[in-house]
Every structure is written in structure tokens, then in C-alpha cells.
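Engineer: Please find the sequence and the predicted model below.
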Amino acid sequence: MSQVLRRRDFIRLSVVGLGVVVVGSRAAFGESTPTPARDARLEITAAPVRLIDGTTVPMWSFDATQPRPVPGPVLMAVSGERIEIEVVNHHDRTHAFAIDGVVDSGPIPPNTARTVTFDAPPAGTYLYLDPLQAPLNRLMGLHGALIVMPANPVTPYDAPTPAVSRYVADIGGWDSTRQWVWLFNQIDPALCQRVAAGATTLDTFKPRYFTINGASGFEAATSPDVAIHGHIGEPALIRSLNAGLAAHAPHIHGNHIGMLAAHGAVCEDVYERDTWRLPAMARHDVMLPFEVPRDAHPWPPSDDFHFPLEYPMHCHCEMSQTAGGGLYPHGAIAHWAIEKTIDKGLT
Ligand SMILES: [Cu+2]
């Protein structure tokens, strides 16, 4: 399977009434087109997934036509919008489609299809998955992100708390075209082999690959759907999710993020932090403010900064550092950059 960089998860969108209009992203990062959820079609198949070191692992996919078959496509909707997703099961096992607390297709036998119909839940970040044989079918790759936008995206939410509204105002407002999905997962090749061969129990879980949007290590850090960029004063929303079984702790350099929603609930208080816990099945929205880094040199801020100002994100969990014999395998890492602010000026 091709390892070409995938661009579809870099989302540029504007919301007009209840219609979502997807517009082109920055030329330097190419085009991205999240899939409208309202009439999406997901086709479940077995899919060999090629990992960063050339290992190929048998996994299952909601859309194996993507450059990376796992995770499934990013689906997008506007809150309250009527959604009809057709789920076609081409695989030789029974599967299902569910979003916790929102919809559950029930079993979809091999070589059958089912259309799930529901109203988009409140604006926020959701994980869709195959809930059968939990957590096996999800760990085999049957998971993806659903983004629900508010009709009026001043903040990412229909009903922001006063703290979230104040935080977004304090950082200069949010351009709703600036949002990235970071969907974390862990892959245990031995488990994938066992389940593909018919195992129906977890037994052991020893992940060796730690992925963001299906990519790990250098591929993740350089992938346009993972790497965040922009200018001072252009905050970026990171919709972080964990479809795996092990906890992550994304840790970001350069700016502190503001956590806006945790486990789907809009936060009553917004804390600035450099690390956030992302346990299995978590879905946390954090805002990267794109403020002048407080340790930037020379000070005071000026156009003399050596742009771009580039920073890493890496995981602070031991598991993704010490797997594979402690040789620091290709892990869950990312990259973000503050570009030179030509038209706005720093001073
Ligand atoms: Cu660090």
C-alpha cells in the first residue's frame, strides 16, 4: 500500500447555514477533503497495512482505497444535520458501526450492507468504530473520527462554556478552517496476525507501532495531515483521539495548549498545559494558540526571529518510548511550525 503523504485530514471548511463547504487548504500543504458524513459510504474489507519499517500487518479497514487504510476517513457534519451512512461489509466476518451514545448499527453479516441514520450529535469530536469483539475489531483498524461543527463556529461548540468563550476571545478568536485531527493508535503486529487467523480473544497486547492518523515516526512528523503550521495569532484546534488500548500523553513544545473539551464535554475551566493525558478511547479537543513562544529569542518579538519557528510534539508515555526493546521505535511524534508573519507583522 502506498505510503504517500495523505492530505485529507487537513481540514479547511466554512459553514454556511447547515451546509458545509470545503475549501482548499494552503497551497504548500495541498488539498484536503474530509468526507461529508451525511451520505458517506464505508466499505469494510481486510487490508494489508504497511508500517514505517516495511513490516506489513493484516488489518481491517473502513476504506482501503485511502493511501493509509487505517484509520477510516474523517467524517464531518454540522450538529443536528441528518446523516445516512451506508456501511457495506465485504469481509468474511460480521462487523458493525457505532458511535458511543449516538448510534449503533447492530451486527452487519458478511456480504451485507446496512444504512445507519441519525441526527448529528452536538458539535464536538467523536470516534466511530466497530464495537464487536471489543476491543479487537477496533484494534484491527476499524475506527475513525467524526467531526461535528456548530452552525455558528465562533468556538468549536454549539454551547461553549463561559471559560471556553473567554479563552477563544483571549487568543484572538478562532478561524474554524484551522483544525487538525490527531487520531492516535497502537499496533501489535502479533495480535493482528492472531486475529486475522481467527483468534477472538485479546490474550496479550504488546504494541510496537504508535501511530497518528495511521503514520508513525518521521512519516507522522512530516505528514501534512499531522504537521500543523500557521502564523502568530492563528490558533489551531487539535482534535486528539485515542482508538487504541494504551494511554498516550501528547506533549508539545513552544506553546501551551488550552484544553477545550475532554471526553466530549466542553470544559468548565480551561487550563493551559504542555501535556495532556489521552487514555484509550479518549477524545480531547485542545487549542494551540500560536502565540509568541515565551522563550523565543531574541526578545522582544520581532521579525528577526529565525522563521519558521519549529517545534515537536512527542508522547510522554513510557510505552511508546521503550517498546521494541527500548530502542526508541518510530513513535507517536508530530511537528508544528510558526511561519514568518509577513502581512501581519510581529511588532
Ligand atoms: Cu519534550
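Structural biologist: Happy to help now that I have it.
Engineer: Please, where are all the helices along this structure?
Structural biologist: 136-139, 162-170, 189-196, 217-221, 319-326 (DSSP state H).
Engineer: For those helices, give me TSV that also has mean neighbour count.
Structural biologist: Quick note: C-beta positions are derived from backbone N, CA and C, even for glycine. TSV is the format used below for the helices of the chain (neighbours: other CB atoms under 10 Å):
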stretch	mean neighbour count
helix 136-139	24
helix 162-170	17
helix 189-196	18
helix 217-221	20
helix 319-326	16
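Engineer: Out of these, which is closest to Glu234?
Structural biologist: With CB to CB, the closest approach to Glu234 among the helices of the chain belongs to helix 162-170: 12.9 Å.
Engineer: Using PDB, write out every CA atom in that closest one.
Structural biologist: The C-alpha coordinates for helix 162-170 follow below in PDB (Å, rounded to 0.1, in the frame of the first residue of the first chain):
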ATOM      1  CA  PRO A 162     -18.000  31.000  29.600                       C
ATOM      2  CA  ALA A 163     -14.400  29.800  30.100                       C
ATOM      3  CA  VAL A 164     -14.100  28.400  26.600                       C
ATOM      4  CA  SER A 165     -15.600  31.500  25.100                       C
ATOM      5  CA  ARG A 166     -13.300  33.700  27.100                       C
ATOM      6  CA  TYR A 167     -10.200  31.600  26.200                       C
ATOM      7  CA  VAL A 168     -11.000  31.700  22.500                       C
ATOM      8  CA  ALA A 169     -11.500  35.500  22.700                       C
ATOM      9  CA  ASP A 170      -8.300  35.900  24.600                       C
END
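Engineer: Provide the contact partners of it at residue level.
Structural biologist: 154-155, 157, 160, 174, 235, 258, 260-261, 266-270, 287 (CB atoms under 8 Å, 6 or more residues apart in numbering).
Engineer: how is this protein carved up into domains?
Structural biologist: 10-158, 181-338 (automatic domain parsing).
Engineer: How about the contacts made by Glu43?
Structural biologist: Applying CB under 8 Å, 6+ apart, the residues contacting Glu43 are 62-64, 88, 90.
Engineer: Which one of those is nearest to Leu241?
Structural biologist: Nearest to Leu241 among the contacts of Glu43, with distances taken as CB to CB, is Phe62, at 14.8 Å.
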